[in-house]
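In: need coordinates for the below:
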Amino acid sequence: SSTPQEPFKGGPIGLQEILEYEPVRPPRKCILLEGEPGIGKSTLTKHLCSKFAESTFASEYKLVIRVVLRGLPAHTTLSVEDLVRSCTSDVGASLDEEEVSTLSQYITANKGEDTLFIMDGYDEFPEELQEISLVADILNGKILPQSSFIITSRPRASVPLHDKIDRRIEVSGFREEEIEQFIRKYYGESSSSVADALL
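Out: Residues are numbered from 1 along each chain as shown. Down below sits the predicted model:
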């Protein structure tokens, strides 16, 4: 059994750096993003997925599947299809059943190789499913052992994950200068008065 790395202490890191490390069980990367409630963990997972779609994050993977754990069916017989189906539900899109089946078969046949699961909200996942479910089996490497995962949680609820991960990163939110930079970029020149009012 490996010991998880301490939370990153070197200061802020870029998105690509989240995946840039030598995993304990190559090629499988197991990363915990911890942060207090409301700090931006879910927003970060959405952002990571959009960057994957733009080919600027996780380019070593063929598939990135974002799973909102609280949105999964609350039963122990979860399937890979349930995970694939859930990856579009919170963005208002959907896959037809043939697409769900094709992707699920690909993931299963390859034991999860080239697949990165981004699992959001471990702390909101029912406790019984944390121990016995497809998600637990993926986290433990029993199913889809070649897959990698990034999982988010509040710090107090993440203790059961510590023996399953090989990297911990603290999500600390935006610094003052980052907030100003974001607001000015978002509102641009055309709405500088709105940006000034917000700041």
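In: so the spatially most central residue of the chain bridges to which residues?
Out: Geometric centre of the chain, nearest residue: residue 118, 2.7 Å, by CA atoms, centre = their mean. Taking DSSP bridges as the rule, residue 118 bridges to residue 66, residue 150.
In: and the helices in the chain?
Out: Ranges of helices within the chain are 41-53, 80-89, 97-109, 127-131, 134-139, 176-187, 192-198, based on DSSP state H.
In: can you put these in a markdown table and add mean neighbour count and mean pLDDT?
Out: Where you see a C-beta, it was placed from the backbone N, CA and C, and this is true even at glycine. Putting the helices of the chain into a markdown table (neighbours: other CB atoms under 10 Å; pLDDT from 0 to 100) gives the following:
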| stretch | mean neighbour count | mean pLDDT |
| --- | --- | --- |
| helix 41-53 | 17 | 92 |
| helix 80-89 | 19 | 86 |
| helix 97-109 | 15 | 95 |
| helix 127-131 | 13 | 90 |
| helix 134-139 | 21 | 96 |
| helix 176-187 | 12 | 76 |
| helix 192-198 | 12 | 77 |
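In: among these, which comes closest to residue 74?
Out: Closest to residue 74 of the helices of the chain, according to CB to CB: helix 127-131, at 7.0 Å.
In: run the chain-centre distance for that closest one.
Out: Between the centre of helix 127-131 and the centre of its host chain there is 18 Å, according to CA atoms, centre = their mean, to the nearest Å.
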